[in-house]
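**Q** what's the 3D shape of this:
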Amino acid sequence: MSPPDEPRSLSPNGEASRRHASADAPSGNFAPVGGPPALPETVPIEDWVDLIVAIENRLKDTVGEQPAGSHTLELPAGPERVRAGVLECVTALGQLHSTLRAELLRRQVLELQVFDAQTALAQTRSELAGTRAGEEQARHKALHDALTSLPNRSYFHERLDDALAKTPPLRQAFAVLYLDLDGFKAINDSHGHGVGDQVLGIVAQRLRRAIRAEDMVSRLGGDEFACLVMGLASQQQLKRLAAHLFDVVSAPVRLGELRLIVRPSIGIALCPDDGVTAQSLLDKADSAMYHAKREQIGYAFATQCKGA
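**A** Residues are numbered from 1 along each chain as shown. Have a look, this model is predicted:
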């Protein structure tokens, strides 16, 4: 039991009081006995509960209320003791208030830093996406024909090289078809290059729709096109495909009041029978195309050419 006029120092219970002990305050006390209240400059968040409990106990002790389960008889509190106890509690509450404000300010700063980091990350992702999109657009432009949007000669060579790079049995049989439009120069001369460009665009779309998704059609330049056809091993299958392409391209083209007809000549080279390099296959297919043009037979295989 404490004397009525003896002020008690305020401190959290147990381990928390030992954490707050310093050279300027006796261990287990926030204020020296008889001196002004002296709390640490900051109170760690994990010690707030201890300090609040200590304040509650100090207030109860000041007014003479016994903690639950206590059988000790306390004398009524005198005015000086009440005043000292209340001042201690006010000081402790002020320190908690100050610590809380500092913690709120710290969290606001952290929130701003997180927001700035998220904004910077979003901007970086946007710039990265823009860079990738730009790279993809640049690659597409470099590998596609500007007039017809078909893969260009470089892209066709790339795909052909990829097909040739696979070794048997992974490499499946495939064929290269070389197409040239008969009489296209006359259309340009008679109706102008604008009409000729429209005809090329229509022919390109017809060829694109006529082949399978796994195959490839390319504009090599001028009025020359090429198809890379995968998996058709027999000449009979390739004959049917060549006949179909001939009919598709030969259908009349209507441009306003104009009705134009262009017919293709098609040369066919097979891998590995007619070549095992991109250039040799293209050369054989080109020779077969000229043979079909001279003979006016629509399409021809490389084996039909003299010297093949």
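
**Q** helices of the protein, residue ranges please.
**A** Remark: helices assigned in the chain by DSSP state H are 15-20, 48-62, 79-143, 153-165, 184-191, 193-210, 235-250, 278-295.

**Q** mean neighbour count, those helices: which tops it?
**A** helix 278-295 (a mean of 20; mean count of other CB atoms under 10 Å). To be clear about C-beta, it is placed using only N, CA and C from the backbone, and glycine gets the same treatment.

**Q** returning to that earlier point: the helices of the chain into CSV, with extra columns for distance to residue 229 and mean pLDDT?
**A** Converted to CSV, the helices of the chain look like this (distance: least, CB to CB, whole Å; pLDDT from 0 to 100):
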stretch, distance to residue 229, mean pLDDT
helix 15-20, 81, 44
helix 48-62, 78, 74
helix 79-143, 20, 81
helix 153-165, 10, 93
helix 184-191, 23, 93
helix 193-210, 11, 96
helix 235-250, 7, 95
helix 278-295, 11, 95
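
**Q** now these in CSV, with distance to residue 218?
**A** Putting these into CSV (distance: least, CB to CB, whole Å) gives the following:
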stretch, distance to residue 218
helix 15-20, 77
helix 48-62, 74
helix 79-143, 10
helix 153-165, 4
helix 184-191, 17
helix 193-210, 9
helix 235-250, 14
helix 278-295, 11
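
**Q** so who does residue 159 touch?
**A** Taking CB atoms under 8 Å, 6 or more residues apart in numbering as the contact definition, residue 159 lies against 151, 216, 228.

**Q** ok, now with 7 Å
**A** 216, 228 (CB atoms under 7 Å, 6 or more residues apart in numbering).

**Q** check contacts around residue 107.
**A** For residue 107, counting by CB under 7 Å, 6+ apart, there are no contacting residues.

**Q** what about it, distance to residue 114?
**A** Distance, residue 107 to residue 114, by CB to CB, to the nearest Å: 10 Å.

**Q** just residue 271 next, same as before
**A** Taking CB to CB, one finds residue 271 at 59 Å from residue 114.

**Q** same question, residue 105
**A** Counting by CB to CB - residue 105 and residue 114 are separated by 15 Å.

**Q** cool, residue 173 as well?
**A** When residue 173 is compared with residue 114 (using CB to CB), they lie 60 Å apart.

**Q** test my guess that residue 188 contacts residue 198.
**A** No. The pair residue 188 / residue 198 is not scored as a contact, 11.2 Å apart, by CB atoms under 7 Å.

**Q** setting aside sequence neighbours, what's the nearest residue to residue 277?
**A** residue 164 (6.8 Å; CB to CB, 6 or more residues apart in numbering).
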